[in-house]
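Peer 1: I'll drop the sequence and a predicted model, then ask my questions.
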Amino acid sequence: MRHDSRRNFLKTTGTAIAGAALGLTTGNVLSQETSSRQATDVEVLNPMGRTPLSFIIDDSTCLVNMGHFCTPQFAAAFPNRDTYKRPWQTWPREIPDAFLREFGEWCAAQGVKGKYSVVPNPACVGWLDRELPGWSRRELLDSLKLVRELMLPNWDIHPEMITHTRVIDIKTGRPFPGVGPANIENSYPREKKSVDELAAYIAYALRILKNCDLPCEGITTPGGFGNLVKSELSLAVGQAVRDVFSAEIPHYFKYVHTGSESTEPTLEHVSGVDAHDVRLTVNIPAGTGDWFGGWQGVTKSEGHRYTDAEAGKGRMVDLIEQGRPAIMLCHWPGMYCNGTKEGFEDFKRVVEALDGRFRDETIWMKLSEIARYWAAKELTQIRRDEAGLAIQAPFATPRFTLRVAARDDATPRIRSNEQRTALEKVSMAPKLKPGTWMRDGTHIVVCFDLPKGKSSMTL
């Protein structure tokens, strides 16, 4: 939910955080680290040479319309803001599962992937792992089942902290007394907090979703959550997600980059690379604003800002043409638009326009898949040897794609665990998939599923 400085990002933040962890304090930390780990004539490309696409959905949960229930609570905390004076009483209290099914089935048919928040105690209405007053137990269980079966295959599930409204005392499970900015998650905390304190709060949210059999590899911050403790927040995300779900590569969404800054993920607090026991947190920004129906579902949808009907201009078009991750942002009430579905219909047009022009140049990915690929891209060691390339990967990832200088008669093979795999030669980039390669002038482009640990490529 965007409010004021909801996701304002200082361009140096990610670099400073990663730099402190790696012992580097200036310049582009990750490019320095990568340049020392990969041969100069080897370039790691996007997966299959394609631009990653993804769709971030905030303020979603089971059944509860967060626009309806959040607005009066924000109005009490911030009484002078006109946004909170809108007629929330007239908006539906529910975003029905029938709409989630319609949305999820359409996205699955189009191959759309992304992140879908599930707020654990939405606007203090009720606990998803217990009861949701206003809905029957059967309705809650059916809604959770729908998320598991329909959304999980193509969407990461994130908590958007515990309530997205009131800050919870995790010792009692009740909101802290008093109404004001200090007790709203969007502006929490108002003072410095330790990594352990932040991690405990995040873990509380994660455990509720674990009780619902909803696995998580990352989290989404509600509003400006953590704005005053950005470095501690990143460490806390890694700590909490590893502790609760044993996730190998924790990630989070907080920032929005709509200007000239890069939309590539940032690897933060990286440690243990040389010891082959890597710990890190991946910061994945959105590349657009929310230009559909807004967090309350009452804003006029402006899908053309993502792309026009011909995919000739728009923010998504710009990112795809630059080869940068193109990650759209929206809020779930803005898809439903209080029953008109205006945002969803506009979203369909955006997806169809992008597919019509960029089908062979893009690939839909979940945030966790993007995080994994970038961790492997930045941290895999690739050295030249007499036979070709010696590879040491801290993480496995599918569709790993390299561009490497090679002789005219080179025929690449992958060797891992004493097994050699011949690769199929293809004639053009759109045909690249794992297990294939193509000639590109004095270089070759090779796509394969990268295993964790040691492997090699003969050329």
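Peer 2: Good, I have the coordinates.
Peer 1: how about low-confidence regions in the stretch 1-150 of the chain?
Peer 2: 1-36 (pLDDT under 70).
Peer 1: which parts of it are helices?
Peer 2: 13-22, 29-35, 66-77, 97-110, 137-146 (DSSP state H, counting those that start in this stretch).
Peer 1: contact partners for residue 291?
Peer 2: Counting by C-beta atoms under 8 Å, 6 or more residues apart in numbering, residue 291 touches 301, 302, 303, 305, 306. To be clear about C-beta, it is placed using only N, CA and C from the backbone, and glycine gets the same treatment.
Peer 1: for it, give me phi and psi.
Peer 2: phi -120, psi 20 (degrees, to the nearest 10).
Peer 1: and what of residue 381?
Peer 2: Residue torsions, per degrees, to the nearest 10, at residue 381 are phi -90, psi 130.
Peer 1: from now on call the first residue 20
Peer 2: Fine by me, first position is 20 from now on; the one you just mentioned is residue 400.
Peer 1: look at it and say how many residues are nearby.
Peer 2: 17 (other C-beta atoms under 10 Å).
Peer 1: surely it touches residue 469?
Peer 2: No - with contacts counted by C-beta atoms under 8 Å, residue 400 stays clear of residue 469, the gap being 11.9 Å.
Peer 1: which neighbours do those two share?
Peer 2: Joint contacts of residue 400 and residue 469 (C-beta under 8 Å, 6+ apart) are 410, 412.
Peer 1: show me what contacts the closest residue to residue 130 other than its chain neighbours?
Peer 2: Counting by C-beta to C-beta, 6 or more residues apart in numbering, the nearest residue to residue 130 once its immediate chain neighbours are dropped is residue 383, at 5.1 Å. The neighbours of residue 383, taking C-beta under 8 Å, 6+ apart as the test, are 71, 72, 73, 130, 131, 132, 133, 173.
Peer 1: any idea how far residue 324 is from the third one?
Peer 2: Put plainly, it is residue 73. Going from residue 73 to residue 324 by C-beta to C-beta, to the nearest Å gives 17 Å.
Peer 1: could you do the second one as well?
Peer 2: Taking C-beta to C-beta as the measure, residue 72 and residue 324 are separated by 16 Å.
Peer 1: and the two? Which one has more around it.
Peer 2: Neighbours around residue 72 and residue 324, counted as other C-beta under 10 Å, are more numerous at residue 72. The numbers are 27 against 18.
Peer 1: what sits against that one?
Peer 2: So residue 72 contacts 132, 335, 339, 344, 345, 346, 347, 373, 381, 382, 383, 384 (C-beta under 8 Å, 6+ apart).
Peer 1: again, but for residue 333
Peer 2: 323, 324, 325, 326, 327.
Peer 1: what sits closest to it if chain neighbours are left out?
Peer 2: residue 326 (3.7 Å).
Peer 1: that neighbour contacts residue 332, correct?
Peer 2: Yes - between residue 326 and residue 332 there is a contact at 7.3 Å, judged by C-beta under 8 Å.
Peer 1: about what we covered before: over to the residue nearest to residue 130: give its phi and psi.
Peer 2: Residue torsions, per degrees, to the nearest 10, at residue 383 are phi -80, psi 130.
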